[in-house]
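Participant: Sequence first, then the predicted structure:
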Number of protein chains: 2
Amino acid sequence: MTTAYPPSSRTTPSRTPDRVGYDRATVHAVLDEALVCHVGFVVDGRPVVLPQLHARVGEVLYLHGSTGARGMRAATGAGLDVCVTVTLLDGVVLARSQFNHSMNYRSVVAHGTATVVADATEKAQALDALVEAIAAGRVAGCRPPTRKEYAATTVLRLPLEEVSVKVRSGPPNDEDEDLGLPHWAGVLPLSTVAAAPVPSPDLEPGIAVPEHVRSWSRPVSG
Amino acid sequence: MTTAYPPSSRTTPSRTPDRVGYDRATVHAVLDEALVCHVGFVVDGRPVVLPQLHARVGEVLYLHGSTGARGMRAATGAGLDVCVTVTLLDGVVLARSQFNHSMNYRSVVAHGTATVVADATEKAQALDALVEAIAAGRVAGCRPPTRKEYAATTVLRLPLEEVSVKVRSGPPNDEDEDLGLPHWAGVLPLSTVAAAPVPSPDLEPGIAVPEHVRSWSRPVSG
């Protein structure tokens, strides 16, 4: 396997091509850091975009959630054409000119056909991965699914084949003639942070906050 | 105008209907807090989802960005069928059971036809709104667009008519029989925060960080 996804007509940009890449490691890092993806599909010729939880295992992206939702049921047959997009915001880019304002971000777009995971072993691994994706270490800290819960969950599988990543980083790109203007310019770095854990109101006394909750962070360090 | 968007077949959920609403004020708050939206449209019968900047002005959502992008050019004609989805993540929901893990979130889905803004006054107001949407107060702190920059920017207009908002909040919904398990359960509240502003390397000495940058926050307070 090469270190990059092969570009396709759909993943070759018509603008700002310098910001688009296909490096697998970069794509993986964005998918793994993001807590949510946006899944697009077509219903009666019109677009639908829904937020979903996702988890990457190697070169497969698993999607969890609204498979009962209108339109996504098509995935139980031959599969569902999807576009899965993940966006991480890294900063607000404040330029001297209104025109050059922007965001720093990393965004992955994956095209393909999503199908329902039927294999029992793969489904169990995918469900574990989906929980680990929102809180690393959590699978060992909670009750595994019962047979009934297992059957009540649908997982979709999207092979990562037609994928690109777009990145903007660094300071504003101001015009030379704007550099002398009296306006402050720079970047406000953004991050997603967790506040102190809030225990369930019905939590039994004496159950301490476990390490995997106390050390939760995005991206997962180490 | 009523206080809620009228439900349509597309905005009436087929599952978890208790989490879906149509209240305009709730929808507006989510759109205004979010820094980015995901715009879905159809190209050659297949879905495309791209991140875009947006700004709401009353009951209109303005979209900025990749109108040069493949497919979005259709908006220059009769308009482009889009689904615009905005998701704010409020927390990781850690249940006793793997099955009941979830996220707390607020997500808006808007369906409609996006068209290019042609009216000069509306376009100027939309461009201001797009900058204010990422940093309130910024329009007064930077150089306005030149005639050339103005012409080089395309803004799409989506009337907010067919819109819903889905919200999950609060503690995990554990099964009664799981309450005695020795697993910690609760919520990790999430927020997007800005670190200290990073000045452009080419910033003239003596230009202080302005108040609208120093006090940047999400959601905008006050």
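Facilitator: Perfect, thanks for sending it.
Participant: tell me the residue furthest from the middle of chain A?
Facilitator: Distance from the C-alpha centroid of chain A peaks at residue A:180, with 39.7 Å (C-alpha atoms, centre = their mean).
Participant: now the helices for chain A?
Facilitator: Along chain A, the segments classed as helices by DSSP state H run A:24-33, A:120-134, A:147-152, A:211-214.
Participant: any idea how far the lowest-mean-pLDDT helix or strand in chain A is from the chain center?
Facilitator: Here the helix or strand of chain A ranked lowest by mean pLDDT, DSSP states H and E is helix A:147-152, holding a mean of 90. Relative to its chain's centre, helix A:147-152 lies at 25 Å (C-alpha atoms, centre = their mean, to the nearest Å).
Participant: Who are the packing partners of it?
Facilitator: helix A:120-134 (3 or more C-beta pairs under 8 Å, 6 or more residues apart in numbering or on different chains; DSSP states H and E). Placement of C-beta: from N, CA and C, glycine included.
Participant: Look up how far chain B lies from residue A:96.
Facilitator: Separation of residue A:96 from chain B (C-beta to the nearest C-beta, to the nearest Å): 6 Å.
Participant: quick one: low-confidence ranges for chain A?
Facilitator: Within chain A, the segments meeting pLDDT under 70 span A:65-74, A:221-222.
Participant: 90 - rerun?
Facilitator: A:1, A:12-19, A:64-78, A:150-153, A:218-222 (pLDDT under 90).
Participant: What residues does the residue lying closest to residue A:85 once chain neighbours are set aside make contact with?
Facilitator: In this structure, residue A:85 finds its nearest non-sequential neighbour in residue B:49, 4.1 Å apart by C-beta to C-beta, 6 or more residues apart in numbering or on different chains. Neighbouring residues of residue B:49 by C-beta atoms under 8 Å, 6 or more residues apart in numbering or on different chains: A:38-40, A:49, A:83-85, A:109, B:38-40.
Participant: The residue farthest from the centre of chain A and residue B:202 touch, don't they?
Facilitator: No - in this structure residue A:180 lies outside contact range of residue B:202 using C-beta atoms under 8 Å: 10.2 Å.
Participant: ok so, going back, put together a markdown table for the helices of chain A, with mean neighbour count on each row.
Facilitator: As requested, the helices of chain A are exported to a markdown table (neighbours: other C-beta atoms under 10 Å in any protein chain shown):
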| stretch | mean neighbour count |
| --- | --- |
| helix A:24-33 | 18 |
| helix A:120-134 | 18 |
| helix A:147-152 | 11 |
| helix A:211-214 | 15 |
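Participant: any chance of these in JSON lines, plus distance to residue B:90?
Facilitator: Shown next, in JSON lines, are the helices of chain A (distance: least, C-beta to C-beta, whole Å):
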{"stretch": "helix A:24-33", "distance to residue B:90": "18"}
{"stretch": "helix A:120-134", "distance to residue B:90": "13"}
{"stretch": "helix A:147-152", "distance to residue B:90": "24"}
{"stretch": "helix A:211-214", "distance to residue B:90": "16"}
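Participant: Among those, which comes closest to residue B:131?
Facilitator: helix A:24-33 (26.1 Å; C-beta to C-beta).
Participant: how far out from the middle of the chain is that closest one?
Facilitator: Worked out by C-alpha atoms, centre = their mean, helix A:24-33 lies 9 Å from the chain centre.
Participant: Can you check what angle separates it from helix A:120-134?
Facilitator: 80 degrees (axes from the mean of the first three to the mean of the last three C-alpha atoms, to 10 degrees).
Participant: So which elements touch helix A:24-33?
Facilitator: strand A:46-57, strand A:80-94, strand A:102-116, strand A:162-168.
Participant: what about 6 Å?
Facilitator: Judged by 3 or more C-beta pairs under 6 Å, 6 or more residues apart in numbering or on different chains; DSSP states H and E, helix A:24-33 is in contact with strand A:80-94, strand A:102-116, strand A:162-168.
Participant: Quick one: the ones you listed as CSV, columns for mean neighbour count and distance to residue B:79 too.
Facilitator: Below are those laid out as CSV (neighbours: other C-beta atoms under 10 Å in any protein chain shown; distance: least, C-beta to C-beta, whole Å):
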stretch, mean neighbour count, distance to residue B:79
strand A:80-94, 24, 20
strand A:102-116, 21, 23
strand A:162-168, 22, 25
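Participant: right, and those - which one's nearest residue B:54?
Facilitator: strand A:102-116 (11.7 Å).
Participant: Could I have the CA atoms of that closest one written out in CSV?
Facilitator: The C-alpha coordinates for strand A:102-116 follow below in CSV (Å, rounded to 0.1, in the frame of the first residue of the first chain):
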residue,chain,number,x,y,z
SER,A,102,-10.2,32.8,6.9
MET,A,103,-10.1,29.8,9.2
ASN,A,104,-7.2,27.5,9.9
TYR,A,105,-8.6,24.0,9.6
ARG,A,106,-8.0,20.4,8.6
SER,A,107,-10.8,18.7,6.6
VAL,A,108,-11.1,15.2,5.2
VAL,A,109,-13.5,14.3,2.4
ALA,A,110,-14.1,10.6,1.7
HIS,A,111,-16.3,9.4,-1.1
GLY,A,112,-17.5,5.8,-1.5
THR,A,113,-20.2,3.2,-1.0
ALA,A,114,-21.2,2.5,2.6
THR,A,115,-22.6,-1.0,3.4
VAL,A,116,-24.0,-2.5,6.6
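Participant: partners of that strand in the sheet?
Facilitator: Each strand paired with strand A:102-116, and its direction, by DSSP bridges: strand A:80-94 (antiparallel), strand A:155-159 (antiparallel), strand A:162-168 (antiparallel).
Participant: got the contact list for stretch A:28-41?
Facilitator: The contact list for stretch A:28-41 (C-beta atoms under 6 Å, 6 or more residues apart in numbering or on different chains) reads A:47-52, A:54, A:56, A:71, A:80, A:82-86, A:88, A:106, A:108, A:134, A:165, A:218-219, B:38, B:40, B:47, B:49, B:85, B:87, B:89.
Participant: Would you mind measuring the gap between the ends of it?
Facilitator: 22 Å (C-alpha to C-alpha, to the nearest Å).
Participant: Check stretch A:169-184 too.
Facilitator: 18 Å.
Participant: and residue B:153, which of the helices of chain A is closest to it?
Facilitator: For residue B:153, the closest of these is helix A:24-33, at 27.2 Å, according to C-beta to C-beta.
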